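Asks: Predicted model, plus sequence, below.
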Amino acid sequence: MASETTTQTEDPTGRAVAEIEVALAASDWRKVYDITSRAISRGLRHPLFFMMRAQRMEETGHLQFALEDYQRAAAIAPDDARIHEAVGLCALKQKNYKTAVAAYDAALRAGGATPDIYYRRGVALANLGDHESAQASHEQALALDPNYANALGSLASITARKGELDKARQFAKDALSAAPQHPTAVVATVQADMSERRFTDAEAKLSELLAGTAVLPANRPALITMLGDTLDGQKRYAEAFATYTRANDELRRLHAADFGGGLGSEAARNLVVYFENEKPERWRAPDDGGAIEGAFEGHVFLLGFMRSGTTLLEQVLASNPEIVALEEKGLLAQPGDQYLSGLAELEDLANIDGENLAKARREYWQRVRGHLPESKSRIFVDKQPLNTTKLPLIAKLFPKARILFAVRDPRDVVFSCFRRHLNINATQYEFLSIESCARMYGLVMRLGEIGREKLPLNVLEHRYEAMVEDFDGRVRAVCDFIGVEWAETMREFDKQTSVADLRSPSATQVRRPLYGEGIGQWRRYAEQLAPVLPILEPWVEKFGYPID
């Protein structure tokens with residue numbers, strides 16, 4: 001016994017751990033954090049120290065610091081499943097889904113097979129767009145606990161979005177038996193009702209859910225938007241528009257602190273002013289763009305504006321085995337921030353050459369390979385609608401790239417952007433008001449117009465309505481433009497599951513055969529859209545759509 005006491009006295013790490021455990025038993029959190037801080041500052045290393053500091057960082061809202069400390073703890077104790085689980089949960093809170101999946105996989109390898117771990121792993125996988133693996137992970141959670149409501153609700157949601165309505169209803173029924181008014185399960189039944197055009201039933205379920213307390217404030221706007229869709233399905237258009245406005249008002253309140261300063265429109269406006277006065281010769285690339293990296297023979301940017309049919313066209317193209325497409329991975333985000341954020345940065349871009357140019361290209365293709373490490377397709381399509389604002393960057397970095405510029409009736413585009421949202425950022429915040437949405441559309445289209453006038457770009461305009469009217473003809477024209485043969489599989493794009501993200505507002509549409517319901521939707525809301533029609537009319541005329 002004396003030997004053990006002497007050893008502990010001589011071991012400062014063990015002594016600090018023992019003091020923390022005593023403080024934890026007494027719920028003396030201040031003392032816990034004081035001991036932890038002193039121990040780490042002295043260079044002592046133990047997973048408990050980093051776990052306690054990470055917890056403190058989480059409590060004070062410093063999630064990135066918390067994640068780093070949880071990861072330090074996991075590095076010291078790689079066989080502790082609970083620590084890996086903490087890494088995963090913290091990463092989920094930051095929407096760092098790849099890190100979350102890796103952490104939950106590590107927890108499983110460490111013997112931490114629990115329903116919670118499988119469920120949260122499934123959530124992370126679903127947010128990465130891997131819905132087959134997400135479904136499997138949720139099913140593994142149910143194998144451990146058949147009544148686990150969260151996993152049942154998630155399976156109901158996934159299967160509803162895939163159109164497997166009988167499965168969705170059964171999963172939802174089981175979830176609601178385990179947890180009445182479980183929000184995800186209720187929403188899955190609403191999705192199934194709406195797929196079957198049972199709009200009155202869907203309205204009643206959503207109204208009851210929103211009247212209760214089960215829905216978190218952050219999730220309410222999406223459900224209110226769905227409620228608007230049930231009213232639209234019943235042709236109650238004025239009520240539907242008022243409901244969409246209500247959802248957007250809640251989103252504006254939630255995100256005003258981050259995006260309420262009009263940063264998205266200001267950035268676009270500044271680019272318009274700059275490039276309206278630029279000379280075209282300054283924006284030619286100093287070389288031919290060099291070789292396309294990897295196995296790709298062709299490089300294509302698919303852009304335009306949100307809700308202009310880009311997801312549909314991407315799905316069609318991706319159904320050709322010669323084409324691989326990436327949907328909105330932000331491959332140009334970093335160089336866009338570096339070179340398009342101010343006057344000095346734009347001047348740097350105008351003069352880019354040598355190693356800076358080579359580095360920007362190299363890093364872009366490294367990001368591509370990170371998403372497509374083993375692709376054997378000949379043509380690579382980078383789909384990001386608002387890369388329209390990055391046309392100067394594309395012209396400098398990739399002068400040989402082909403540009404597919406998606407066009408749809410501006411009134412349908414703006415109404416759809418006002419009505420549908422995914423993740424709110426500085427640009428999508430502009431969509432929460434119909435007026436600011438219309439003005440943002442005008443700014444981006446003006447940038448597209450300037451780019452096509454002044455930049456040495458190879459552009460094909462692709463009209464959504466024309467593809468609906470003449471699918472084979474328009475898709476063959478796109479194939480010819482990007483240098484690939486037409487494939488019969490392109491007619492069956494709706495059967496493909498590899499591209500379209502089930503979270504996307506376009507997800508259910510691209511899993512249906514081609515249809516024309518999206519054409520002219522704005523007419524149902526002509527009275528509500530009247531204030532912004534004058535803003536859109538120049539673009540309606542320019543793109544050749546009828547004014548009335």
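Replies: On my side now, so go ahead.

Asks: need the strands for the stretch 301-450 of the chain, in chain order.
Replies: Along the stretch 301-450 of the chain, the stretches classed as strands by DSSP state E, counting those that start in this stretch are 323-327, 379-383, 402-407.

Asks: low pLDDT regions in the protein?
Replies: 1-10, 496-516 (pLDDT under 70).

Asks: tell me, what residue is most central in it?
Replies: Asn423 (6.0 Å; C-alpha atoms, centre = their mean).

Asks: Buried ones in the longest helix seen in the chain, by neighbour count?
Replies: Across the chain, the longest stretch assigned as helix under DSSP state H is helix 237-259. By neighbour count on 16 or more other C-beta atoms under 10 Å, the buried set for helix 237-259 is 237, 240-241, 243-248, 250-252, 255, 259. Placement of C-beta: from N, CA and C, glycine included.

Asks: can you put those in a markdown table and add distance to Asp472?
Replies: Shown next, in a markdown table, are the buried residues of helix 237-259 (distance: C-beta to C-beta, whole Å):
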| residue | distance to Asp472 |
| --- | --- |
| Tyr237 | 34 |
| Ala240 | 35 |
| Phe241 | 36 |
| Thr243 | 39 |
| Tyr244 | 35 |
| Thr245 | 40 |
| Arg246 | 42 |
| Ala247 | 38 |
| Asn248 | 38 |
| Glu250 | 44 |
| Leu251 | 40 |
| Arg252 | 43 |
| His255 | 43 |
| Phe259 | 42 |
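
Asks: OK, contacts around Val123?
Replies: Val123 makes contact with Leu92, Ala134, Ser154, according to C-beta atoms under 8 Å, 6 or more residues apart in numbering.

Asks: ok, now with 10 Å
Replies: Residues near Val123 by C-beta atoms under 10 Å, 6 or more residues apart in numbering: Gly88, Leu92, Tyr97, Ala100, Val101, Tyr104, Ala134, Ser137, His138, Asn150, Ala151, Ser154.

Asks: about what we covered before: can you tell me which of the buried residues of helix 237-259 is closest to Leu24?
Replies: His255 (37.4 Å; C-beta to C-beta).

Asks: on that earlier part again, as a markdown table, the strands of the stretch 301-450 of the chain with distance to Ala477 would be great.
Replies: Formatted as a markdown table, the strands of the stretch 301-450 of the chain follow (distance: least, C-beta to C-beta, whole Å):
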| stretch | distance to Ala477 |
| --- | --- |
| strand 323-327 | 15 |
| strand 379-383 | 15 |
| strand 402-407 | 11 |
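
Asks: I'd like these as TSV, with mean neighbour count and distance to Ile20 appended.
Replies: Formatted as TSV, these follow (neighbours: other C-beta atoms under 10 Å; distance: least, C-beta to C-beta, whole Å):
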stretch	mean neighbour count	distance to Ile20
strand 323-327	22	47
strand 379-383	24	50
strand 402-407	23	58
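
Asks: Would you tell me which of the ones you listed gets closest to Val22?
Replies: That would be strand 323-327 among the strands of the stretch 301-450 of the chain, by C-beta to C-beta, at 53.0 Å.

Asks: can you list the residues that contact that closest one?
Replies: Residues outside strand 323-327 that contact it (C-beta under 10 Å, 6+ apart): 129, 295-296, 298, 300, 302, 310-311, 313-319, 367-368, 371-372, 375-384, 479, 482, 484, 487, 490, 498-501, 504, 506.

Asks: Buried ones among these?
Replies: Burial by neighbour count, judged by 16+ other C-beta under 10 Å, picks out 129, 296, 298, 300, 302, 310-311, 313-319, 367-368, 372, 377-384, 479, 482, 484, 487, 490, 499-501, 504, 506 from the contacts of strand 323-327.

Asks: if you look at those residues, which of them are in helices?
Replies: Checking these against DSSP H, those in helices are Thr310, Thr311, Leu313, Glu314, Gln315, Val316, Leu317, Ala318, Arg367, Val368, Cys479, Ile482.

Asks: Surely the third one is in contact with Glu461?
Replies: No: the pair Leu313 and Glu461 fails to qualify as a contact (C-beta atoms under 10 Å) at a distance of 12.0 Å.

Asks: what do the two both touch?
Replies: Taking C-beta under 10 Å, 6+ apart as the contact rule, Leu313 and Glu461 both touch Gly304, Leu404, Ala406.

Asks: and the last one, bridged to which residues?
Replies: When you say that, I think you mean Ala406. His462 (DSSP bridges).

Asks: ok now do it, which residues does it touch?
Replies: Residues in contact with Ala406, defined by C-beta under 10 Å, 6+ apart, are 302-314, 383, 385, 388, 413, 461-464, 467.

Asks: Go again with 7 Å.
Replies: By C-beta atoms under 7 Å, 6 or more residues apart in numbering, Ala406 lies in contact with Leu302, Gly304, Ser308, Gly309, Thr310, Leu313, His462, Tyr464.

Asks: Also the second one?
Replies: Residues near Leu404 by C-beta under 7 Å, 6+ apart: Val300, Leu302, Leu460, His462, Val478.

Asks: Just put these in CSV and tack on distance to Ala73.
Replies: Below are the contacts of Leu404 laid out as CSV (distance: C-beta to C-beta, whole Å):
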residue, distance to Ala73
Val300, 45
Leu302, 43
Leu460, 53
His462, 51
Val478, 51
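
Asks: from the residues you listed, which is closest to Tyr118?
Replies: Nearest member of the contacts of Leu404 to Tyr118, counting by C-beta to C-beta, is Leu302, at 35.8 Å.

Asks: Test of understanding: give the bridge partners of the closest residue to that closest one other than its chain neighbours.
Replies: Closest residue in space to Leu302, ignoring its immediate chain neighbours: Lys383 at 4.1 Å, by C-beta to C-beta, 6 or more residues apart in numbering. Under the criterion DSSP bridges, Lys383 forms beta bridges with Leu302, Glu327.
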